[in-house]
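[1] Got a predicted model here, sequence first, then my questions.
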Amino acid sequence: MMKHWKAFPGVGVIMFVAIIYLIFSFTYQPIETNAKQITADAEQAINKPIEQKEKAIMSGYDRGTSTDAYEMAKIFVLNTLKAPATAQFAPFNKRDIKTTPGLKWSISGYVDAQNGFGALIRSWFKVDMTYKGNGTYRVDDLRLSEQ
């Protein structure tokens, strides 16, 4: 039998090529189909973190942090001062930070800053704000009283 195959040396090569052709013909998918699937997968991957972030915010898991809330309150207070460059806020342990349902924050403390006449005045502030997600806050109420 071996002599018979030796008589036709090209038959083995032809069979090998035929087998490879059959394998590739059954596994080939048009490029357009793959591109559509890749595009759909990419859109899902892009939208998934946004949806998760929105769900986290709505469920209350992403409420912002007390440090971020205090820093934002300081910025809001600075915007109301006559001489914001002279402002010195209360030390970390001398302020009051409360969180309430509905992504609300209430920050209280004091700031020492110069008034319009250049005198250093201590003013007490209370900032009520709502966390909007992605590190942003909206001021609901800001009260500043000089003493």
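    Perfect, thanks for sending it.
[2] List the strands paired with the lengthiest strand in the chain, with their directions.
    Ranked by residue count and defined by DSSP state E, the top strand of the chain is strand 120-133. Here strand 120-133 is paired, per DSSP bridges, with strand 104-114 (antiparallel), strand 136-146 (antiparallel).
[3] buried residues in the last one?
    Okay, so that is strand 136-146. Tyr137, Leu142 (16 or more other Cβ atoms under 10 Å). In short, each C-beta sits where N, CA and C put it, glycine included.
[4] tell me the mean pLDDT over it?
    Computed over strand 136-146, the mean pLDDT rounds to 90.
[5] Would you mind pulling the contact partners of it?
    Around strand 136-146, the neighbours that count as contacts under Cβ atoms under 8 Å, 6 or more residues apart in numbering are 64, 68-69, 72, 76-77, 80, 104-105, 115, 121-132.
[6] Now, of those residues, which are buried?
    64, 69, 72, 76-77, 105, 121, 123, 125-129, 131.
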